[in-house]
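Asker: here is my input; please provide its structure:
(chains A and B)
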Amino acid sequence: MPENPGRMSERRLSLWRRSIALFDRTRQEEGVFHRVGYRDFILEPILDNDAKPDLLGTSESRFVTCELSVSPNKDFSWFDQYLQGGLTPYLKTLLGVVALESGAAPFFLTTESGFRDFPARMNALLLYPPYERRCPSVSDPALRAALDEWNGFAHPPPNYSLLAVPESDLQEVKLPLGGMFKQRASAGGSLSSREATRQLLGDMVDSFPPASRRVLDAKVRSLMEQAAAYLKDFARYDKKRRILRFAGVDSAAGRRKFSRAVSEWAGTRFIETWSDGEDRPVEEDDDV
Amino acid sequence: MAGIARTRKDLFAQISRRLEANTALLERRSGEPSDRQLLKVFWIEVNQTRPPKAPSGWKETDRRFFVRVKQGSLPVWLDASDDRIWRAFSFGSKKRVDLTLKRSFFSRRGFDRVWLAEPFMEKLRRDRGYQDRGFRLFFQDALAVAKNPSERPRFSAKFWLGEEIPAQQERFLNQARETFSKSSIRMGRESHRPDSRVSGLLIEVYAAGSMTVTASEDPEEVLGLASEIGQSYRKDLTEMETRRLRSPRPVELNFGMPIDLERFQNLVEAGQGQARLWMQRYDVEDGLHRYTGVDLHTNEFLNLDVGSDYAYLVTQRHGCMNVAPRLMTISAERISGKTSLFYEGVPLFA
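Answerer: Sure, this is the predicted structure:
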């Protein structure tokens, strides 16, 4: 059974992934909302009263809103606003629906154990063991039944394009950044810290406030400058413009050399490997 | 270029004549068509932001129609009328045509094979109502740890199935079908002419994106098939790409046999191997190894989580999804077991 990560950054990363997984289905498991038809989700929607929940999940006839937090002292002033909000014409068009009714009062999704002084009608799920739930206001009977039976997660969720969060420490940012360097080096070109920050936050980028994104950007900048020393045969850091300029690495030998340099920088093990070629052998037409 | 088809119309007329001649040869039982008489069709997945130009060595002789002529080789024609899936036709040896296409396209950024995973090929056969005429198993363990290629496990076997199979052999064949992944499938149909002694159609479709036509009494059927396979593949790809625009839900791969995660890491972190991935592992969570990096086919950013018997793939928004059937097809051969692709729990390319 997975344990709640000790580090705040890991908890936040995991909270986002697990929250989305509630509305998704893989061959490994099916999210509790997905199971009863809440199969569409939108991150950071704007409701018709300008409320901005972190996640909107919809079925063919109902919707739910969710707020995600790892903070034990969360301010719940958003609750009434989410409760009163409905779908804008834009959201309806995006979802391809005419009208949806609320399936439940807003959900608070968290990694924090021990539910506290919540607004009386607020629903809440703890997404790590012991997988607590507090669901006093669920009007959709199918959803209510599914939540009653919910056992949590048996497998780690997919990445959902989220690789790091602003709270991630330098080592946690460093490794996915190494993958970004490989991407940029494969064709040559430059990578700005802003661009790298957006890639790290993936589809959730707009869920993080600008100040929070700037924190991550500063970490990325510092790491890019540091990496330039290790990647000196391949890249130059332009401090003024905060970009790392890469020469193209387009051969198998070049990729091996670049990978070794990334591993040295990241402090990970690099194993010399071999390949059976860049393309598969051709199967002969031996059936004539 | 004298005598070589310069337009689609000329090429299709030439294909018709050749296929009719092949069928006549088989009917007379005076011999079988040689490799140089069989039509080969290849599909090429194209991811170009600009309109395609004539690649070096290819001459544009009709609108978005190219021919490559090289001394000592039979010509290869390229129909680039579709902006996503191109089709190449030739009567040359499959190996040589593949090599030509590899040099011109498959080894270049923006081009890839069309990866016809086993469920896709089987669906084609079922939808067309064609008979099962055989299959090929092909296995080479790129994830094996032996450094010397000759010591790594590999095998191949091909089965040409006739109308009747002895029960004892059928058991073995069925087990092979269920156990291993197929790298090609032979299919066909009876002739519409009651007096005919040969198949009305006999083709072999390869997972690596090609088709060889051994016999056909209806050239339009073959040309229609060449177009239909490309369009059906394009539709599946586009559908996945449209879904990705809406959410970061992954495409999921399921492996019938466990893969060697350490060997996989060594290959993709160094940017080696046929999967054309160059990645960095950044986390391991409960046995799920998380990678980020690049698809060398398009130079696009890519996230991949790999467990021992499943994987989650998330491309960037507007990213090319050809990586999904590529990984599915290649991993099927590398583990010699069934692989399947899912989105939201529903099978894809099937």
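Asker: could you use CA atoms for every contact and neighbour count after this?
Answerer: Will do.
Asker: what about A:Y38, distance to chain B?
Answerer: 12 Å (Cα to the nearest Cα, to the nearest Å).
Asker: my read: that residue touches A:L56, true?
Answerer: No. Using Cα atoms under 8 Å, A:Y38 makes no contact with A:L56, being 9.7 Å away.
Asker: any common contacting residues for those two?
Answerer: Residues touching both A:Y38 and A:L56 (Cα atoms under 8 Å, 6 or more residues apart in numbering or on different chains) are A:F63.
Asker: gap between B:E164 and chain A?
Answerer: 19 Å.
Asker: count of neighbours near that residue?
Answerer: Neighbour count of B:E164, defined by other Cα atoms under 10 Å in any protein chain shown: 7.
Asker: what about it, which SS state?
Answerer: coil (DSSP: H, G, I helix; E, B strand; the rest coil).
Asker: indicate the residue of chain A located nearest to chain B.
Answerer: A:G179 (4.1 Å; Cα to the nearest Cα).
Asker: show the pLDDT at that residue.
Answerer: A:G179 carries a pLDDT score of 97 in this model.
Asker: what is the neighbour count of the residue lying closest to it once chain neighbours are set aside?
Answerer: Nearest non-adjacent residue to A:G179, counting by Cα to Cα, 6 or more residues apart in numbering or on different chains: B:G293, 4.1 Å away. By the criterion of other Cα under 10 Å, B:G293 has 29 neighbours.
Asker: partners of the host helix or strand of B:G293, with directions?
Answerer: Remark: B:G293 resides in strand B:288-295, with elements defined by DSSP states H and E. Within its sheet, strand B:288-295 is paired with strand B:277-285 (antiparallel), strand B:300-306 (antiparallel), according to DSSP bridges.
Asker: would you list those in TSV and tack on mean neighbour count and mean pLDDT?
Answerer: What follows is the strands paired with strand B:288-295, written out as TSV (neighbours: other Cα atoms under 10 Å in any protein chain shown; pLDDT from 0 to 100):
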stretch	mean neighbour count	mean pLDDT
strand B:277-285	23	95
strand B:300-306	25	96
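Asker: residue contacts, B:A207?
Answerer: Applying Cα under 8 Å, 6+ apart, the residues near B:A207 are B:115-118, B:121, B:182-184, B:329.
Asker: domains in chain A, by residue range?
Answerer: A:5-149, A:170-266 (automatic domain parsing).
Asker: try chain B
Answerer: If you go by automatic domain parsing, chain B breaks into B:1-248, B:249-347.
Asker: out of these, which is closest to A:D140?
Answerer: Among the domains of chain B, the nearest to A:D140 by Cα to Cα is domain B:249-347 (22.5 Å).
Asker: follow-up on the earlier one: farthest pair in the contacts of B:A207?
Answerer: Every pair of the contacts of B:A207 checked by Cα to Cα; the farthest is B:W115 and B:K182, at 12.6 Å.
Asker: give me the neighbour count for residue 32.
Answerer: You didn't pick a chain, so chain A it is. 24.
Asker: actually, chain B is the one I wanted.
Answerer: Counted with other Cα under 10 Å, B:E32 comes out at 17.
Asker: cool, and A:T93?
Answerer: Close neighbours of A:T93, defined as other Cα under 10 Å, add up to 11.
Asker: equivalent analysis for B:D260, please.
Answerer: 16.
Asker: point to the residue nearest the middle of chain A.
Answerer: A:L162 (3.0 Å; Cα atoms, centre = their mean).
Asker: phi, psi for it please.
Answerer: phi -90, psi 120 (degrees, to the nearest 10).
Asker: got the contact list for it?
Answerer: By Cα under 8 Å, 6+ apart, A:L162 lies in contact with A:13, A:17, A:200-204.
Asker: what about the residue nearest to B:A5 when sequence neighbours are not counted, is that helix, strand or coil?
Answerer: Closest residue to B:A5 apart from its sequence neighbours, by Cα to Cα, 6+ apart: B:L11 at 5.1 Å. Under three-state DSSP, the three-state class of B:L11 is helix.
Asker: which ones are touching the residue in the stretch 251-350 of chain B that chain A sits nearest to?
Answerer: In the stretch 251-350 of chain B, the residue that lies nearest chain A is B:G293 (4.1 Å; Cα to the nearest Cα). By Cα under 8 Å, 6+ apart, the contact set of B:G293 is A:176, A:178-183, B:277-280, B:301-303.
Asker: and for the residue of chain A closest to chain B, the neighbour number?
Answerer: Neighbours of A:G179 (other Cα under 10 Å): 26.
Asker: name the element it belongs to?
Answerer: helix A:170-187.
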